[in-house]
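Colleague: Test case, fold it:
(one chain, ligands or ions: 1)
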Amino acid sequence: MGELENLKGRNLLEPGDFTVAEQKALFDLADKIADSPGAYQDTAKGRLLAALFFEPSTRTRLSFESAMLRLGGQAIGFSEAQSSSAAKGESIADTVRTVGCYADLTVIRHPKEGSCRVAAQASDVPVINAGDGGHHHPTQTLTDLMTIRREKGRLDRLRVGLCGDLKFGRTVHSLIKAMSAYDGTGFYLISPEELRVPSYVIRDIEAGNGSTYVETRSLGGAIDRLDILYMTRVQRERFFNEEDYIRLKDSYILDAMKMRPARADMIVMHPLPRVNEIAAEVDKDPRAVYFKQAKNGMYVRMALISALLGEAQE
Ligand code: NCD
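Modeller: This is a model prediction of the structure:
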């Protein structure tokens with residue numbers, strides 16, 4: 001059986017849920033879709049995707065909905081918990097079980113870590129985690145890996161700097177877990193002391209395929225060694241008090257001057273939304289790929305939806 005056929009009916013809750021070979025098949029399909037999206041316009045005809053967003057989102061929700069519509073399917077859902085029965089006290093398990101009676105696929109974003117796993121256990125249709133609290137965000141990681149593969153031509157032996165809020169940033173946790181599965185990834189974990197990566201993420205690196213890491217507070221001291229610089233926003237909504245957020249929010253601001261020592265072929269990524277951590281002047285630097293990354297997110301979600309629905313052609 002082909003790698004994509006193998007994905008039919010599966011959940012995507014964490015990056016490790018798909019093997020490297022399955023990911024490769026997905027990125028091959030996503031590249032084909034990016035080259036001729038029109039050829040896939042009937043792939044999900046007659047199918048319905050439910051997007052349940054209990055937390056704010058722009059890119060993730062709209063890229064899922066756009067992906068489904070571009071595949072010829074349809075999308076339903078809500079974008080704030082207040083407009084769902086969660087406001088009446090319904091459990092996520094009951095909500096998801098009900099939605100599975102209407103839709104072929106459910107996408108969930110929820111502020112609580114592990115909520116998607118609880119939802120998946122109650123669901124009869126595949127569940128995709130679109131972010132569970134400060135834990136994981138595996139479809140952002142598919143977006144990131146597709147972008148790295150397109151820009152750098154490979155996913156192994158890369159030196160990846162992750163900078164900013166490494167404690168609460170779920171895109172960071174997922175990207176580290178995923179890249180650790182590729183050969184010889186070297187991580188530079190750049191953060192203030194208070195926002196260092198949690199120990200379970202360090203364990204993912206240690207369990208990886210020859211991955212190494214260094215932790216540092218200095219972006220300037222690491223930037224010239226990197227193939228990829230992944231900037232992140234300080235996650236205000238996960239702080240216990242506003243004073244700590246204010247103190248830490250501008251720890252790193254990447255600008256044209258700080259980009260100077262970086263390699264000519266380093267790429268700058270960001271899951272977006274950005275706040276202050278990348279100055280707008282960096283946008284015109286050819287090494288800045290974060291808006292391309294956002295576009296890739298739609299194509300890779302088209303590939304993912306096709307595969308989970310069992311409609312993907314290798
Ligand atoms: C990220 C998220 O929600 O974790 N956004 C996204 O999905 N692209 C990053 C963030 O909010 O900082």
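
Colleague: got the residues of this structure near the ligand?
Modeller: Residues of the chain lying close to the ligand (Cβ under 6 Å from any ligand atom) are R59, T60, G131, H137, Q140, R170, T171, R233, P271, L272, P273. Any C-beta I mention is one placed from the backbone N, CA and C, and that applies to glycine too.

Colleague: Try it again at 5 Å.
Modeller: Proximity of the chain to the ligand, by Cβ under 5 Å from any ligand atom, involves residues R59, T60, G131, H137, R170, T171, R233, P271.

Colleague: residues touching the fourth one, list them.
Modeller: Neighbour list for H137: T60, N129, A130, G131, R170, T171, H173, S174, P271 [criterion: Cβ atoms under 8 Å, 6 or more residues apart in numbering].

Colleague: These in helices, which ones?
Modeller: Using DSSP state H to define helices, the subset of these located there is T60, R170, T171, H173, S174.

Colleague: Out of these, who's the most crowded?
Modeller: Neighbour counts for the ones in helices among the contacts of H137 (other Cβ atoms under 10 Å) peak at S174, which has 28 neighbours.

Colleague: Apart from its chain neighbours, what residue comes closest to that residue?
Modeller: Using Cβ to Cβ, 6 or more residues apart in numbering and skipping residues adjacent in sequence, the residue nearest S174 is T141, 4.2 Å away.

Colleague: Pull out the buried residues from the helix or strand hosting that neighbour.
Modeller: Using DSSP states H and E, the element containing T141 is helix 138-152. Within helix 138-152, the residues that qualify as buried are 138-151, counting by 16 or more other Cβ atoms under 10 Å.

Colleague: and the next element down the chain from that helix?
Modeller: Reading on from helix 138-152 to the C-terminus, the next helix or strand found by DSSP H and E is strand 159-163.

Colleague: the inter-axis angle of that following strand versus helix 138-152?
Modeller: Angle, strand 159-163 to helix 138-152, by axes from the mean of the first three to the mean of the last three Cα atoms, to 10 degrees: 130 degrees.

Colleague: Distance from the chain centre to strand 159-163, please.
Modeller: Relative to its chain's centre, strand 159-163 lies at 15 Å (Cα atoms, centre = their mean, to the nearest Å).

Colleague: go on, stretch 62-75?
Modeller: For stretch 62-75, the distance to the chain centre is 18 Å (Cα atoms, centre = their mean).

Colleague: Not counting its own residues, what contacts that stretch?
Modeller: Under Cβ under 8 Å, 6+ apart, the answer for stretch 62-75 is 37, 40-51, 77, 104, 107, 128, 130, 139, 294, 297-299, 301-302, 304-306.

Colleague: same question, stretch 21-39
Modeller: Under the contact criterion Cβ under 8 Å, 6+ apart, stretch 21-39 has outside partners 2-4, 6-7, 18, 40, 70, 142, 145-146, 149-150, 178, 296, 299-300, 302-304, 306-307, 312-314.

Colleague: Pull out the buried members of these.
Modeller: Buried, going by 16+ other Cβ under 10 Å: 3-4, 7, 18, 40, 70, 142, 145-146, 149-150, 178, 296, 299-300, 302-304, 306-307, 312, out of those.

Colleague: From those residues, which land in helices?
Modeller: 70, 142, 145-146, 149-150, 178, 296, 299-300, 302-304, 306-307.

Colleague: Mind picking the two most distant members of the residues you listed?
Modeller: Put simply, by Cβ to Cβ the two of those set farthest apart are R70 and A178, 24.8 Å from each other.

Colleague: Outline the domain layout of this protein.
Modeller: In terms of domains, the chain is parsed into 3-136+295-308, 138-294 (source: automatic domain parsing).

Colleague: I'd like the ones you listed laid out as a markdown table, including mean pLDDT.
Modeller: Converted to a markdown table, these look like this (pLDDT from 0 to 100):
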| stretch | mean pLDDT |
| --- | --- |
| domain 3-136+295-308 | 95 |
| domain 138-294 | 97 |
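
Colleague: What about the residue lying closest to T43 once chain neighbours are set aside, how many residues nearby?
Modeller: Using Cβ to Cβ, 6+ apart and skipping the chain neighbours, the partner closest in space to T43 is L71 (4.4 Å). L71 has 25 neighbours, counted by other Cβ under 10 Å.

Colleague: just G114 next, same as before
Modeller: 14.

Colleague: Would you mind confirming that it is in contact with G134?
Modeller: No - assessed by Cβ atoms under 8 Å, G114 is found out of contact with G134, at 11.1 Å.

Colleague: Next one, pLDDT for the closest residue to G2 other than its chain neighbours please.
Modeller: Closest residue in space to G2, ignoring its immediate chain neighbours: E314 at 4.7 Å, by Cβ to Cβ, 6+ apart. Here the pLDDT value assigned to E314 is 70.

Colleague: coming back round to it: looking at the residues of the chain next to the ligand, spot the one nearest V214.
Modeller: Lowest distance from V214 to the residues of the chain next to the ligand (Cβ to Cβ) belongs to T171, with 20.2 Å.
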